[in-house]
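>>> Structure, please.
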Amino acid sequence: MTALGQDHLIRLPQGEVRYHERGTGRPVVFVHGVLTNAQLWRKVVPTIAEAGFRCLAPDLPMGAHEIPMRADADLSAPGMSTLLGDFLDALDLHDVTLVANDTGGAITQLLLARYPSRVGRVVLTPSDSFEYFFPPIFKPLPRIARVPGSTAVLGQLLRIRALWPLPLLFGWVTKKPLDPVVAESYLLRLRRSPGVRRDLRKLLRTVDPRLTLAAAEKLRSFEPPVLLAWATEDKLFPIRFAHRLAEVLPNAKVVEIADSYTFVSEDQPELLAGHIVEFAGVMAD
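Numbers count the residues shown, from 1 in each chain. As a prediction, this is how the structure comes out:
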């Protein structure tokens, strides 16, 4: 068993999704972003599971998954929020704590704006929101994804390890060196699988800040508690976005985390895990 727990497969309307499960108790579901997978949470899941929670971390079809979805699956940004909701439905999860990062944070906001009934509380780490879907450095990606063959070219470029520390890849998301095995699981599946490239292309083509801006308006009526565990030094999603979200959400709290970039689960895993355990435990009492 890995740090994430036991591997499982679940069949959703969009196709099969691999997820990892560890621990028992109230469910905590972890949502990663583009070109990452459940390994993003490997350093925080053990602590949260040991504190008495059931941790579930799916490998969502965002370009670093192993199993391509059905060819006709809706993997647009709204479709991804539907898939996340279908995951919660298929496992019949209730009073869920959602923990999200990066693009996964935007997908979570779309889910909360559309059908939040299974969600009891939310932890957003640095994520796309408002007009930052994507942040400026990644703004060209949706247009590039509309060019035929562009994701195949991207897959080939991701083989070049000298590019990995650059801001366009890991340079602005983690302050500390990323485990090469984990980095490979993020970046090399895109090159190997046409189905994975097709899945990612479907999502990238639909990324649009109008979606997150509209979701933010609907979040004004989202009553469950939200913890905004944000990195003060984040280069992609400045801390001001956490405070803007706190102004929109009726029951939100900002916790500022130092010495970290976007991947707080990489740079400050123990601190993040502690905040999640305290938040999920206290709010459920």
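>>> CA only for contacts and neighbour counts going forward, please
Fine.
>>> end to end, how far does stretch 151-167 reach?
19 Å (CA to CA, to the nearest Å).
>>> How far off centre is it?
Offset of stretch 151-167 from its chain centre (CA atoms, centre = their mean, to the nearest Å): 21 Å.
>>> buried ones in that stretch?
Residues of stretch 151-167 classed as buried: 151-152, 154-155, 158, 164-165 (neighbour count, 16 or more other CA atoms under 10 Å).
>>> right, and Ala280 touches Val119 too?
No - taking contacts as CA atoms under 8 Å, Ala280 lies outside contact range of Val119: 11.9 Å.
>>> out of these two, which sits in the more crowded spot?
Ala280 (26 against 22; other CA atoms under 10 Å).
>>> Secondary structure element holding that one?
helix 269-284 (DSSP states H and E).
>>> Could I get the average pLDDT for that helix?
Here helix 269-284 scores 88 as its mean pLDDT.
>>> which residues touch it?
Here helix 269-284 makes contact (CA atoms under 8 Å, 6 or more residues apart in numbering) with 43-45, 47-48, 51, 97, 121, 123, 225, 227, 229, 264-265.
>>> Filter the residues you listed down to just the buried residues.
By neighbour count, with 16+ other CA under 10 Å, those hold 43-45, 47-48, 51, 97, 121, 123, 225, 227, 229, 264-265 as buried.
>>> Among those, give me the pair with the biggest separation.
Greatest spacing in the buried ones among the contacts of helix 269-284, by CA to CA: Lys43 and Pro225 (24.1 Å).
>>> burial of Val173, as a residue count?
Other residues within reach of Val173, judged by other CA under 10 Å, total 24.
>>> how about it, secondary structure?
Secondary structure state of Val173, per DSSP: H, G, I helix; E, B strand; the rest coil, is coil.
>>> what's the answer for the one 10 residues further on, then?
Taken by three-state DSSP, the conformation at Ala183 corresponds to helix.
>>> do you know how far it is from Lys176?
13 Å.
>>> out of the two, which sits in the busier spot?
Higher neighbour count among Ala183 and Lys176: Ala183, with 19 against 15, using other CA under 10 Å.
>>> re the thing from before, can you tell me which of the buried ones among the contacts of helix 269-284 end up in strands?
Within the buried ones among the contacts of helix 269-284, residues falling in strands by DSSP state E are 97, 121, 123, 227, 229.
>>> contacting residues around the last one?
With contact set as CA under 8 Å, 6+ apart, Ala229 has these partners: 123-126, 254-257, 272, 275.
>>> Now with 7 Å, please.
123-125, 254-257 (CA atoms under 7 Å, 6 or more residues apart in numbering).
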